[in-house]
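Peer 1: need a structure here:
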Amino acid sequence: MAKHGKKYLAAAEKIDHDKEYTPEEAVKLVKETAYTKFDASIEVHMRTGLDPRQADQQVRDVVVLPHGLGKNVRVLVFAAAEGAAEARAAGADLVADDDETLSKIQGGFLDFDVAIATPDMMGKVGKIGRVLGPRGLMPNPKAGTVVPAEDLGRAVTEAKAGRVEFRLDKTANIHVVIGKASFDQQKLVENFAALMDAVRKARPTGAKGNYIRRITMTATMGPGVKVEPNLAQSMEAGK
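Peer 2: Sure thing, here's the model as predicted:
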């Protein structure tokens, strides 16, 4: 069992670990128990009742958090010609429209947070899939990161604004960051509501029984706060 420091233990004492809190209570507690010197990320961890081995029980989607993530999101776009110009105009940090940039990424350059591509570039992008895939950076149509050139502006803008991908992992869990501890409580509640609304709508056709079994919210390195799953799933974005 891992040993925790005095700050962690002091923070943990503020939480009733047998209680499932309302989303509002959970956000308040998580902010209060964020003790790191840096601005901690607020994380949401969900335990689902899905079987990741089944094709009809997969979850992979995106949500645009209304208040973003509180950080500068670096966007790389794989596009050529007009698409490249569109991406640059929308504020993409880097546009990979030549073999030199692709070779650079193949060699380990990964100084970006989101990668977006046009369909015509996916043949080239596929060649560096072994580099991008393990880091969750591979463009994918289901995640909305493979888009026609005319949609690049919107895709880049959304990525910059706080567009977050969520997906089921091999242990049937979903992990998502919804902001920073410095955010005010209402902004975190609204980001959480947007996430839960998107997760609920992404329920796969093969889901049986209890879709979301447990939800825990925590600040980076902080103690977990249990959230009442039914209350969380009844939240609606924008309300």
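
Peer 1: going forward, measure contacts and count neighbours with C-alpha atoms only.
Peer 2: Fine.

Peer 1: Not counting sequence-adjacent ones, nearest residue to residue 64?
Peer 2: Of all residues not flanking residue 64 in the chain, residue 163 sits nearest, at 4.1 Å (Cα to Cα, 6 or more residues apart in numbering).

Peer 1: Quick check: that neighbour vs residue 80, distance?
Peer 2: 23 Å (Cα to Cα, to the nearest Å).

Peer 1: The most centrally placed residue in the chain is in what secondary structure piece?
Peer 2: Nearest to the geometric centre of the chain sits residue 164, at 3.8 Å (Cα atoms, centre = their mean). In this structure, residue 164 sits in strand 163-167 according to DSSP states H and E.

Peer 1: Check which helices and strands that strand sits against.
Peer 2: Judged by 3 or more Cα pairs under 8 Å, 6 or more residues apart in numbering; DSSP states H and E, the packing partners of strand 163-167 are strand 60-64, strand 173-180.

Peer 1: now the strands for the chain?
Peer 2: 41-48, 60-64, 75-78, 94-96, 114-117, 163-167, 173-180, 212-219, 225-227 (DSSP state E).

Peer 1: ok now the fifth one, how far from the chain's centre?
Peer 2: In this case it means strand 114-117. Centroid separation for strand 114-117 versus its chain: 14 Å, with Cα atoms, centre = their mean, to the nearest Å.

Peer 1: sorry, back to before: please work out which of the strands of the chain is packed deepest.
Peer 2: Mean neighbours per residue, mean count of other Cα atoms under 10 Å, is largest over the strands of the chain for strand 114-117, with a mean of 26.

Peer 1: Name the surrounding residues that touch the lengthiest helix in the chain.
Peer 2: Ranked by residue count and defined by DSSP state H, the top helix of the chain is helix 185-201. Helix 185-201 is contacted by residues 23-24, 27-28, 31, 61-68, 178-179, 232-239 when judged by Cα atoms under 8 Å, 6 or more residues apart in numbering.

Peer 1: per-domain residue ranges of the protein.
Peer 2: Structurally, the chain divides into domains by automatic domain parsing as follows: 6-69+163-233, 75-160.

Peer 1: a markdown table for these, including mean pLDDT?
Peer 2: Below are those laid out as a markdown table (pLDDT from 0 to 100):
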| stretch | mean pLDDT |
| --- | --- |
| domain 6-69+163-233 | 94 |
| domain 75-160 | 91 |
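
Peer 1: check contacts around residue 231.
Peer 2: 22, 23 are the contacts of residue 231 under Cα under 8 Å, 6+ apart.

Peer 1: out of everything not next to it in sequence, what's closest to residue 8?
Peer 2: residue 222 (6.2 Å).

Peer 1: Hmm, that neighbour is touching residue 34, no?
Peer 2: Yes - at 5.9 Å, residue 222 and residue 34 qualify as touching, with contact defined as Cα atoms under 8 Å.

Peer 1: Now do the shared contacts for the two.
Peer 2: Shared contacts of residue 222 and residue 34, counting by Cα under 8 Å, 6+ apart, come down to residue 11.

Peer 1: re earlier: OK, contacts around the residue nearest to residue 8?
Peer 2: By Cα under 8 Å, 6+ apart, the neighbours of residue 222 are 8, 11, 12, 30, 33, 34, 35.
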